[in-house]
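**Q** sequence isn't available, so here's the structure alone:
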């Protein structure tokens with residue numbers, strides 16, 4: 001799954017409210033922010049496997065914890081329907097004191113072939 005494919009998937013859960021790395025200042029809730037946190041090439045005894053495991057942090061922001069979790073649950077349902085076996089793990093529920101906003105954060109891991117465009 002490429003970064004563009006991930007964006008398309010996330011956008012299905014919250015159309016027009018998904019941002020890469022950072023939401024514009026003043027964006028009203030709810031919204032989703034995602035960022036690539038690691039990309040690990042896979043190798044075999046014969047050399048490159050021409051694939052990499054990509055991990056993205058996906059954060060759902062909302063005025064209530066329930067609303068932030070509902071967006072993550074919608075993303076989870078879409079991920080479950082995907083080909084390629086992406087997985088969601090490491091859920092964290094966070095209340096951000098500065099902005100008085102709830103965030104539910106997960107890590108989405110997937111595989112990306114070397115010939116896919118990286119974004």
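**A** Right, received. Where do you want to start? Note that this is a predicted model, so its numbers are computed, not measured.
**Q** and the one helix or strand residue 66 maps to, which residues are buried?
**A** For residue 66, the enclosing helix or strand under DSSP states H and E is helix 65-80. Buried residues in helix 65-80, defined by neighbour count with 16 or more other Cβ atoms under 10 Å: 65, 68, 69, 70, 71, 72, 74, 75, 76, 78, 79. Glycine gets a C-beta too; all of them are placed from N, C-alpha and C.
**Q** between the residues you listed, which is nearest residue 50?
**A** Nearest to residue 50 among the buried residues of helix 65-80: residue 79, at 23.4 Å, using Cβ to Cβ.
**Q** residues touching the residue nearest to the closest one when sequence neighbours are not counted, list them.
**A** Counting by Cβ to Cβ, 6 or more residues apart in numbering, residue 86 is the residue found nearest to residue 79 once chain neighbours are left out, at 5.2 Å. Under the criterion of Cβ atoms under 8 Å, 6 or more residues apart in numbering, the contact list for residue 86 reads 1, 79, 108, 109, 110.
**Q** roughly how far apart are residue 86 and residue 100?
**A** 32 Å (Cβ to Cβ, to the nearest Å).
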